[in-house]
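**Q** Here's a sequence, model it:
(4 chains)
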Protein chains: 2
Amino acid sequence: MNIGDVAKQAGLPAKTIRYYEDIGLVKPLRDPNGYRAFRPSDVHKLVFLGRSRALGFTIEDCRALLALWEDQDRASADVRAIAKDHLAQIETKIADLEAMRNTLSDLVRDCAGDSRPDCPILQKLEDFPTG
Amino acid sequence: MNIGDVAKQAGLPAKTIRYYEDIGLVKPLRDPNGYRAFRPSDVHKLVFLGRSRALGFTIEDCRALLALWEDQDRASADVRAIAKDHLAQIETKIADLEAMRNTLSDLVRDCAGDSRPDCPILQKLEDFPTG
DNA sequence: CTTGACCCTCCAGTGACTGGAACCCCCATA
DNA sequence: TATGGGGGTTCCAGTCACTGGAGGGTCAAG
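**A** Okay, the predicted model is just below:
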């Protein structure tokens, strides 16, 4: 299969797929004309990658997950460890963003948003403690 | 004031401050020996920048906020617009992360995490619809 | 034979820094 | 006077995960 069709099937831009080949995540064959020739297993891998990335795993996480995915003898604990670690990171990020949102929505609420020059947002950006 | 002291006062790495000069956010003077000489107003600006960045504003947002901050005649509505826009982006990000978290915590919960090779996390990464 | 859709490689840029090399400046001590 | 340490300087390269674009080759249809 050519890269365009694979891109549609996997829901990834062709550029991204080429990049994944560059960094060794997929290794498609080549047709005599130089075009990449993707086997069903390559497509399957790319779908897996797309989903892992959509869940916010880093490329290196994906590489590890992919290795585990392909290893018949892996322990599910290994996969779980990666996922749990990632989950903890997501939760930290959510907490950080919620703190930002709270501060910011206070600021927005207190600001008249009219044509007067005095603005409590700028005022508070001078005053409040650094996060 | 030299960059090291400014870094302490503003809570920013010296490297970051140099970078902010590079991209024109601050314009410290120079001592005859070539050292950057920060005026109190520069430090004040850097504190403002640190706080804005801590709230997740992009550098370009910061540049705009800084311009408004220095403009005596600005309308508070301009500032509010930037903040509201940013707030909306944060809320989108939180929602995305919460969706990830939910999917991922389901996966982690369903995984035995022992030494057996069958792992529902990898299974679901093959199956579930791409986000 | 041409058109247009596809494919290729390679290089540069993104955002917001961060690390490191190689060097200069200043002060205190032996 | 040397020297050591802790500042400071510039510039280049790397991070992450792509993305855009130039400049060109390939293929099927009309």
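
**Q** Extract the residue ranges of chain A that are flagged as low pLDDT.
**A** By pLDDT under 70, the weakly predicted segments of chain A are A:112, A:116-117, A:127-131.

**Q** Mind doing that once more with 90?
**A** By pLDDT under 90, the low-scoring segments of chain A are A:51, A:54-57, A:65, A:67-83, A:85-86, A:89-90, A:92-131.

**Q** Quick test: name the residue nearest the centre of it.
**A** A:Gly56 (3.5 Å; C-alpha atoms, centre = their mean).

**Q** Setting the sequence-adjacent residues aside, check what's closest to that residue.
**A** Nearest residue to A:Gly56, sequence neighbours excluded (C-beta to C-beta, 6 or more residues apart in numbering or on different chains): B:Met100, at 5.1 Å. Every C-beta, even on glycine, is put in place using the N, C-alpha and C of the backbone.

**Q** and the helix or strand harbouring that neighbour, does that touch DNA strand D?
**A** Using DSSP states H and E, B:Met100 falls within helix B:76-110. No: Helix B:76-110 lies apart from DNA strand D when judged by C-beta under 7 Å from any atom of the strand; the minimum separation is 13.8 Å.

**Q** Is that helix in proximity to DNA strand C?
**A** No: contact between helix B:76-110 and DNA strand C is absent, the nearest approach being 10.9 Å (criterion: C-beta under 7 Å from any atom of the strand).

**Q** returning to that earlier point: surely the residue nearest to A:Gly56 is in contact with A:Ile90?
**A** Yes: between B:Met100 and A:Ile90 there is a contact at 5.6 Å, judged by C-beta atoms under 8 Å.

**Q** in stretch A:41-53, what counts as buried?
**A** A:Asp42, A:Val43, A:Lys45, A:Leu46, A:Val47, A:Phe48, A:Leu49, A:Gly50, A:Arg51, A:Ser52, A:Arg53 (16 or more other C-beta atoms under 10 Å in any protein chain shown).

**Q** Make JSON lines out of those residues and add distance to A:Ala83 and secondary structure.
**A** What follows is the buried residues of stretch A:41-53, written out as JSON lines (distance: C-beta to C-beta, whole Å; DSSP: H, G, I helix; E, B strand; the rest coil):
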{"residue": "A:Asp42", "distance to A:Ala83": "24", "secondary structure": "helix"}
{"residue": "A:Val43", "distance to A:Ala83": "24", "secondary structure": "helix"}
{"residue": "A:Lys45", "distance to A:Ala83": "19", "secondary structure": "helix"}
{"residue": "A:Leu46", "distance to A:Ala83": "20", "secondary structure": "helix"}
{"residue": "A:Val47", "distance to A:Ala83": "18", "secondary structure": "helix"}
{"residue": "A:Phe48", "distance to A:Ala83": "14", "secondary structure": "helix"}
{"residue": "A:Leu49", "distance to A:Ala83": "16", "secondary structure": "helix"}
{"residue": "A:Gly50", "distance to A:Ala83": "17", "secondary structure": "helix"}
{"residue": "A:Arg51", "distance to A:Ala83": "13", "secondary structure": "helix"}
{"residue": "A:Ser52", "distance to A:Ala83": "10", "secondary structure": "helix"}
{"residue": "A:Arg53", "distance to A:Ala83": "14", "secondary structure": "helix"}
